[in-house]
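K.L.:
Attaching a predicted model along with its sequence, questions to come.
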Protein chains: 2
Amino acid sequence: MAELATRSGAAFDRAPFDALLKRRLFFTPSFEIYRKASGGFAGDIKGLFDYGPPGCALQANIVDTWIQHFILEENMLEVDCTVLTPEEVFKTSGHVDKFSDWMCKDATKGDYLRADHLIENVLEARLKGDKAARGLEVEEEKDTGGDPAAAKKKKGAVKDVKAERLDDAAVKEFEEILARIDNYDGPELGSLIKKFDIRNPDGNNEVLPPVPFNLMFKTSIGPSSGSIGYLRPETAQGQFVNFKKLLEFNQNSMPFASASIGKCYRNEISPRTGILRVREFLLAEVEHFVDPEGGKKHERFEDVDKIELVLLDRHTQLAGSTETKVMTVSEAVRSHVIDNETLGYFLARIHLFFRKIGVDPKKVRFRQHMANEMAHYAADCWDGELLTSYGWIECVGCADRSGYDLSVHFKRTGEALVVREPREQPLRIEEWQVDIDKKKLGPKFRKNAKAVEEAIEATSQEQRETFGQLLEKDGAINIDVPGLPEGKAELDKALIQIVRRTRVENTREYTPNVIEPSFGIGRIFYSLLEHVYWHRPGDVARGVLSIPPLVAPSKVLIVPLSRSPGFASHVKKLSARLRTLEISHTAEDSSASIGKRYSRNDELGTPFGITVDFESLKDDTITLRERDSMKQIRAALDDVLGAVVSLVNGTELWTDVLKRLPEFLGQSEDE
Amino acid sequence: MAELATRSGAAFDRAPFDALLKRRLFFTPSFEIYRKASGGFAGDIKGLFDYGPPGCALQANIVDTWIQHFILEENMLEVDCTVLTPEEVFKTSGHVDKFSDWMCKDATKGDYLRADHLIENVLEARLKGDKAARGLEVEEEKDTGGDPAAAKKKKGAVKDVKAERLDDAAVKEFEEILARIDNYDGPELGSLIKKFDIRNPDGNNEVLPPVPFNLMFKTSIGPSSGSIGYLRPETAQGQFVNFKKLLEFNQNSMPFASASIGKCYRNEISPRTGILRVREFLLAEVEHFVDPEGGKKHERFEDVDKIELVLLDRHTQLAGSTETKVMTVSEAVRSHVIDNETLGYFLARIHLFFRKIGVDPKKVRFRQHMANEMAHYAADCWDGELLTSYGWIECVGCADRSGYDLSVHFKRTGEALVVREPREQPLRIEEWQVDIDKKKLGPKFRKNAKAVEEAIEATSQEQRETFGQLLEKDGAINIDVPGLPEGKAELDKALIQIVRRTRVENTREYTPNVIEPSFGIGRIFYSLLEHVYWHRPGDVARGVLSIPPLVAPSKVLIVPLSRSPGFASHVKKLSARLRTLEISHTAEDSSASIGKRYSRNDELGTPFGITVDFESLKDDTITLRERDSMKQIRAALDDVLGAVVSLVNGTELWTDVLKRLPEFLGQSEDE
């Protein structure tokens, strides 16, 4: 990406960034010693990653911020449901039938490829080849990921890119296809593969037409092996099946939201882009239940309505473009770009969450799903996307799932997943009602009586009006009953009567609609790391992760200048003070130079450093260093600790502290 | 259990306790609406539970306390590894072959039963029948759990208990078998079943002999279905395979510990005891890596050595008794009841953790594993057990796994999972060395040359000394080489020489041993709830959960006396103040009486209540109520908030606050 610059203005370079994350053990491919081992793994175990100590801490702090920003701020009801899920639940939700990606097999090599990614990769490679042929600058190749095996493969593929000129119409067509790549179904992807003779880049074999591959991991629960279970691909269904209990817990008051944070699993066909496409990942999801009537208003909408969002709507994409518009939330809702207030409210809250954790605001956009991309029941859906060196990455999905999920579970289980509330004014409904004389119906239709009764009950108001007139006129009517041998039943006045009456409803019953913001924590984690990474001017080897204090893995590094006992006891005392203040910290009393120790912690994203020097032992003053500016202040211990607390809590900025405490210029980091 | 009393002195009664947990949604069987649905589930989906809002919060607070007490206090390296694990890793660790329970099939009914639980249930029922026949009090039945289906079954089984006299020898024999039930292997369990004619209590059918059933959930990773994967049954292996990276991250300094908190999975044969035996559960595990030489000392041992533990050692159990001894940690290590200092250190730390979260100290014991119960490689193992109405429950395992795991992964992958450290004093070793003239060995033995060379290298120091003398004497020796046709090779002086030399070792290389404290968070969670439950004297309907403020789901309930706008703004202000102080709280402005609202929160374990009344609006004073004593104080807002902070942080007790702030006697809870 030409526009991908780090905060120092220098271009983002993935190689030193990847090396830094690996060196500092933010994350690592799982079971790596087995991948390297002779014999290795029998099959395909890509898409699995472990988090090391700084990765764990950063992830935990992102999750804590999420809990604070969503669950606590809005009194959401947190639930923790099982990953193991019986098959019937996912049959009902539609996942057993429909939760799949389109997959092509390279029959010669035995490779499996995800169809849309195959097309993307090949068309992008051709566009690159065209640029090369025209003598334009070629982008860095995509998809080299954290996974070394994948990286190698991809490089091989890139070598295959021929500098070959395309005609202008083809360039335009390819770009338009790429803009709406998420909107194609399987047969359409198959046609594209055929039309453009798209082959497996690794070996150039033709591929078979796309077939659906279900992404859920399957297992068997219990010893009898009769119970099929799946690992959940999202936390949502656990929240839906508990809806009634949650509503009761909320003392039957609407609207309310539940929330869940937990591991989810998708058996990706061919995960390549490192930690961005994994088979096991952490999701944080909100299910906000709202009355579908009254325009899905949100009572706190005005807290956010002036926030400006960068939007890429579905019409723009279908027209083959990816141009974004900046709009306030209220403008977007009013002009129906965003379907309703509650959806708009959550898009704004997502935007604020991104800001809070340190995402680069210039690398955020909200992209609307196109029609084919959404589930058939969804009213609207937006992805919060973050720009990385792999392109725009879907990090948050925010969908209006309508009342679909609650309805299907209700239908399957008979448990009324609805809200019942007393009407302020009783509702009086004038309607046609059917009175059936069941004593006569039974003997007449015998075993078919129930089917006949159901057919009668199922008639609409319009049909009932017509039937009433016919009954009046002819004394009998014929009604369609699919189960019967003749396909219909004759009913006379003695059996049924159709009359107009007034029904009074004191209770209103409705299925709530669901607005679902769903956060891929691992993708946010990775994108954030790209956004905060830069290196000291002119020195690629000195990387810095400018993670905001709020989510930084550790807040303070204590650096004693000497390893003598006097220093050790001073460090211990300081550490105890910081623990009481609940400031996470580490002490580094290695023999490395101060500069080396600070550099290591710049890479770990530690925002502050405290040096304990010979002066400190005498007068109890210490110096405080800020990571990004490398500036230091020197003051009494208590004053410095007070500053650290307000810097970490966000009540003060470093620039404020620099104004009120004396800058220290004595110590050079290169010593 | 006769001894199971609540803190008010009244006996623990499980029925109102279960009802309370259900009513307040601490947890619930997963997918309950499907269990009730007509048709229900095709198979067996017991052992899965969801946590509701108070359960989530309590669990999160227990985990936070664990992180503080173990990870942060001791600078452990946290890692977050995947649940999905390729088969080869668990082949190496031994889980594919050995991680199983013994299972009996009732061929008539098709039921599967866990063999040891079957024997336990039947023998306990017979002992009960004997007691009944002797006219003694019969204990409450075990195993009625949170699972309603299981409870029904069990009650049926209990009905079958006949009041039947056993002779005294049989009573003694049964009690001895129960004391060492964990020590029997499959064939032994089979013999007991035969000897005592033990049958399926549900239907009284005979059962087939026990067979092993592997407890790991199996799945397939990737689309090619060639890669078998398992859901991890423990987090440990993920930590071991990352050992080398963690050691590097720790700047190659020993000892150190890693730690992991995450879901684990065991496909239990027939889970019955509610949330205590589940198929998906949260484990928090520490792997403390220690030098096996020098007695596995721990540098902080003296911080804990005077702590008294309640111990049930293996000799006592093998003698058929369950009598405990109270010993200090230092005494237990010195007398070799506990194998080593590091193990003793962690048992004491576990004990302190239990105290911190509010476990009843009278309901804790540490039980040592018997020989057959431990893995063959383990040096020693103790379970931290908590007493509940289901008996003593294993909540923490603390094992010395020796160097087993690191060794087997090293052997399989070739990745050296060892510590290499420079010796302070180079080690000078006098030894017999063999010099082989490979130029002659090759032509003489051809394709067998390598086997001959390996046989020579494998000789011990003693053999070499003897061979040296023989070589001197006879000019040639015969050495056993299994691969050769004759089974031995003749070697003369021209081929080998054996000489005594001094070797200098500057680096020491060793495989660390692992001490592993492993915490079943769900079991601790449940046992704690039983320990803190009681009811107001004389009123079973008024249950209280005396959860300590540190881990209570919510710390403060705000109760406005009226729903008028003046109160609402006061509550909002108060809520903002508490949020700034990071005190979790809820406000309840329902129309229910104050007493009802407080009762609800006693059941939720909320330790403090703030009442906003008409006085509050005038003079900014508020009342603070303490849950256990129901006493109240009244003071200015700031003073009360200050007290809340110190109460929640544990720097002050309620009795301290009562001394310094005026008690309030105005408001009765029954109003």
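P.N.:
Received it, and whenever you're ready, just let me know what you need. Please read these numbers as outputs of a predicted model, since none were measured by experiment. Numbering: from 1, shown residues only, chains lettered A, B, ... in the order given.
K.L.:
residues of the strand or helix carrying A:Leu352 that come out buried?
P.N.:
Assigned by DSSP states H and E, A:Leu352 falls within helix A:341-357. Buried residues in helix A:341-357, counted by 16 or more other C-beta atoms under 10 Å in any protein chain shown: A:341-351, A:353-354, A:356-357. For glycine as for every other residue, the C-beta is placed from the backbone atoms N, C-alpha and C.
K.L.:
of all the residues you listed, which comes closest to chain B?
P.N.:
A:Lys356 (15.1 Å; C-beta to the nearest C-beta).
K.L.:
Now do the same contact list for that closest one.
P.N.:
A:Thr65, A:His69, A:Pro548, A:Leu550 (C-beta atoms under 8 Å, 6 or more residues apart in numbering or on different chains).
K.L.:
Now tabulate those residues in CSV and tack on neighbour count and secondary structure.
P.N.:
As requested, these are exported to CSV (neighbours: other C-beta atoms under 10 Å in any protein chain shown; DSSP: H, G, I helix; E, B strand; the rest coil):
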residue, neighbour count, secondary structure
A:Thr65, 17, helix
A:His69, 16, helix
A:Pro548, 19, coil
A:Leu550, 18, coil
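K.L.:
Farthest-apart pair in those, please.
P.N.:
Maximum pairwise distance among the contacts of A:Lys356 (C-beta to C-beta): 13.6 Å, between A:His69 and A:Pro548.
K.L.:
Show me what A:Ala257 is bridged to.
P.N.:
Beta-bridge partners of A:Ala257, counted by DSSP bridges, are A:His288.
K.L.:
ok, which residues in the stretch 51-200 of chain A are in contact with chain B?
P.N.:
Within the stretch 51-200 of chain A, the positions near chain B by C-beta under 8 Å from any C-beta of the partner chain are A:51-53, A:55-57, A:59, A:72, A:75, A:77-89, A:103, A:110, A:112.
K.L.:
quick one: low-confidence parts of chain A?
P.N.:
Judged against pLDDT under 70, the low-scoring parts of chain A cover residues A:1-3, A:38-44, A:136-161, A:667-671.
K.L.:
Report the buried members of the residues of the stretch 51-200 of chain A next to chain B.
P.N.:
Taking 16+ other C-beta under 10 Å as the criterion, what is buried in those is A:51-53, A:55-57, A:59, A:77-89, A:103, A:112.
K.L.:
and the two most separated of the buried residues of helix A:341-357?
P.N.:
Pairwise distances across these (C-beta to C-beta) peak at 25.1 Å, for the pair A:Glu341 and A:Ile357.
K.L.:
Give me every residue in the stretch 251-400 of chain A that's in contact range of chain B.
P.N.:
Those residues of the stretch 251-400 of chain A that sit near chain B, judged by C-beta under 8 Å from any C-beta, are A:Gln251, A:Gly262, A:Lys263, A:Tyr265, A:Asn267, A:Ile269, A:Ser270, A:Arg279, A:Glu280.
K.L.:
so who does the fourth one touch?
P.N.:
A:Tyr265 makes contact with A:Val83, A:Met216, A:Phe217, A:Leu231, A:Arg232, A:Pro233, A:Arg279, A:Glu280, A:Phe281, B:Leu84 under the criterion C-beta under 8 Å, 6+ apart.
K.L.:
And chain A, what are its domain boundaries?
P.N.:
As recorded under automatic domain parsing, the domains making up chain A are A:54-91+A:216-405+A:514-522, A:119-205, A:423-508, A:554-664.
K.L.:
Compute the distance between A:Val329 and chain B, please.
P.N.:
Taking C-beta to the nearest C-beta, to the nearest Å as the measure, A:Val329 falls 24 Å from chain B.
K.L.:
list the buried ones in the lengthiest helix in chain A?
P.N.:
The longest helix of chain A (DSSP state H) is helix A:115-133. For helix A:115-133, the neighbour count (16+ other C-beta under 10 Å) marks A:115-132 as buried.
K.L.:
Now for A:Glu663, how many residues are close by?
P.N.:
With neighbours defined by other C-beta atoms under 10 Å in any protein chain shown, the count for A:Glu663 comes to 12.
K.L.:
Oops, could you answer that again for A:Asp185 instead?
P.N.:
A:Asp185: 12 neighbours (other C-beta under 10 Å).
K.L.:
shouldn't it be in contact with A:Ala371?
P.N.:
No - A:Asp185 lies out of contact with A:Ala371 (C-beta atoms under 8 Å); the separation is 10.9 Å.
K.L.:
rewinding a little: return the member of the contacts of A:Lys356 nearest to B:Pro443.
P.N.:
Distance to B:Pro443, by C-beta to C-beta, is smallest for A:Pro548 among those, at 71.2 Å.
K.L.:
how near is the closest one to chain B?
P.N.:
Distance, A:Pro548 to chain B, using C-beta to the nearest C-beta: 18 Å.
K.L.:
OK, contacts around that residue?
P.N.:
Taking C-beta under 8 Å, 6+ apart, one finds A:Lys356, A:Ile357, A:Gly358, A:Pro607 in contact with A:Pro548.
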